[in-house]
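Novice: build me a structure from this.
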Amino acid sequence: MEPLVDHIEITVRDVETAVQFYDQFLALLGYDLNLKSRALLEEHEKDVVTYEHPKLGFTITSPLKVFAHEKINRRKPGALHHLAFKVESRSEVDRLYLELESIGANIISPPRVYPEFTPPGYYALFFKDPEGIKYEIVYNSDSET
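Specialist: Residues are numbered from 1 along each chain as shown. Reported below is the predicted structural model:
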């Protein structure tokens, strides 16, 4: 068996703000915004926006009202620390860096080689969305086959 992720669902504080960012960010990764859908599931206190892609479904959802004012902290137990998107070249990392800057992503670390990460040749950038959720764009030259 080969482990594959089918979809991921991220809880955000403000769905409207998140949609503005994720419409731009996910389009950079090849998501077709015509395949985006939205649903309000009142019985679950849930506003859900889903972005479809053949390789990974991505969903943002509203928090339960009781948690609506909590701050996001990636170090809380059960929290997503960060999510990394793999690309096909260093130039793709560099291009996405410029695009992410232009859409207002909070760049944590611009593209560079990370010799402290394994395997060697790990080239990445890190950024956060408007909510503070951390993401990575990575190219690993040693992963080529």
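
Novice: which residues does stretch 109-124 contact?
Specialist: Outside stretch 109-124, the residues that touch it by CB atoms under 8 Å, 6 or more residues apart in numbering are 84, 90, 93-94, 97, 125-126, 136-143. Glycine gets a C-beta too; all of them are placed from N, C-alpha and C.

Novice: lowest-confidence one in those?
Specialist: Here the lowest pLDDT out of those sits on S143, with 52.

Novice: related to what we said a few turns ago, what about burial for the contacts of stretch 109-124, which qualify?
Specialist: Among the contacts of stretch 109-124, those buried by neighbour count (16 or more other CB atoms under 10 Å) are V93, D94, Y97, L125, F126, E136, I137, V138, Y139, N140.

Novice: does the fifth one touch Y135 like I think?
Specialist: Yes - F126 sits in contact with Y135 when judged by CB atoms under 8 Å, with a separation of 7.1 Å.

Novice: overlap of the contact sets of these two?
Specialist: Common contacts of F126 and Y135, defined by CB under 8 Å, 6+ apart, comprise H82.
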